[in-house]
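Trainee: I need the structure of the sequence given here:
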Amino acid sequence: MTPDIVPLQRVKLSFVTLDSPLPELARTIRDIALAKALRGRRAYAGDEALLELDLQRPAVLESVKDGIAQGVAHALAFHEAQVKAVYAYDPSANPDNETGEDRPFDPVLHLLVLVAGASSTLPAFIRELDQALVESLRDVPSLAFAMRETILDVILLTDEDVQQRTGYGSLLSSVYAPAIEIWRR
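Mentor: Alright, predicted model coming up:
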């Protein structure tokens, strides 16, 4: 079953559905990401072959992944007031790679979430959102997303981790492979 691709202007980008049940939220995040990635392209309603063809292009896949990351960042922030910022990072980034060769597409969203304090509900919400996204992405005609058992790799950080530059907290001030800010409160 192919998701319906609707024109971007018809998609609610304000994420007013953030308090929806997780499967519906995951579908909304997926649909917005697809609409943004495919903006200005052919109409895909009912044409799975065209959609599948475009979803083989690395630039389109990366754009879909970025859109999903933005949706996840908004969902995390809406769910938990302790979330201060969300960053994306590439665990395989190698600043010494001088060959310029492309790496295979990694559909996993590697996110660093800066929180004001410990949360008892955020880790469980992340696990449940991950599973809802995995199920939602099974409807996308792309093996890159359809074969996944998990899509989110989320690391929670505190201000102390960032200030002391310990563990993943050091990526927020890295010169060689910095994390990219997606959202900030």
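Trainee: Any chance you could list what contacts the helix or strand harbouring residue 85?
Mentor: For residue 85, the host element (DSSP states H and E) is strand 83-88. With contact meaning Cβ atoms under 8 Å, 6 or more residues apart in numbering, strand 83-88 is reached by 66, 69, 72-73, 76-77, 109-116, 122, 159, 171-172, 179-185. (Each C-beta comes from the backbone N, C-alpha and C, glycine too.)
Trainee: you'd agree residue 155 is in a strand?
Mentor: Yes - counting by DSSP: H, G, I helix; E, B strand; the rest coil, residue 155 is part of a strand.
Trainee: residues touching the residue nearest the centre of the chain, list them.
Mentor: Nearest to the mean C-alpha position of the chain, by Cα atoms, centre = their mean, lies residue 69 at 2.1 Å. Going by Cβ under 8 Å, 6+ apart, residue 69 touches 86, 88, 109, 111, 182.
Trainee: Can you tell me which of those lies closest to residue 140?
Mentor: Taking Cβ to Cβ as the measure, residue 140 lies nearest residue 109 of the contacts of residue 69, at 14.6 Å.
Trainee: Render the CA-only coordinates of stretch 144-156 in CSV, please.
Mentor: The C-alpha trace of stretch 144-156 is given here as CSV (Å, rounded to 0.1, in the frame of the first residue of the first chain):
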residue,chain,number,x,y,z
ALA,A,144,15.9,1.4,2.5
PHE,A,145,13.0,2.1,4.8
ALA,A,146,10.8,-1.0,4.5
MET,A,147,13.3,-3.5,5.8
ARG,A,148,14.1,-1.7,9.0
GLU,A,149,13.4,-3.0,12.5
THR,A,150,14.3,0.3,14.0
ILE,A,151,14.7,3.8,12.6
LEU,A,152,15.6,6.0,15.6
ASP,A,153,19.0,6.1,17.4
VAL,A,154,18.4,8.7,20.1
ILE,A,155,21.0,9.7,22.6
LEU,A,156,19.8,11.9,25.5
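Trainee: for it, what is the average pLDDT?
Mentor: In this model, stretch 144-156 has a mean pLDDT of 92.
Trainee: who's in contact with that stretch?
Mentor: Residues outside stretch 144-156 that contact it (Cβ under 8 Å, 6+ apart): 55, 61, 64, 68, 72, 76, 91, 105, 107-113, 115, 119, 122-123, 126, 129-130, 133-134, 137-138, 140, 168.
Trainee: what about this structure, any weak spots by pLDDT?
Mentor: Within the chain, the stretches with pLDDT under 70 are 1-19, 40-47, 94-102.
Trainee: just so I have it, where are all the helices in it?
Mentor: Under the criterion DSSP state H, the chain contains helices at 22-37, 48-54, 58-79, 122-137, 143-146, 159-163.
Trainee: In TSV, list those helices along with distance to residue 152.
Mentor: Shown next, in TSV, are the helices of the chain (distance: least, Cβ to Cβ, whole Å):
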stretch	distance to residue 152
helix 22-37	11
helix 48-54	23
helix 58-79	7
helix 122-137	4
helix 143-146	13
helix 159-163	19
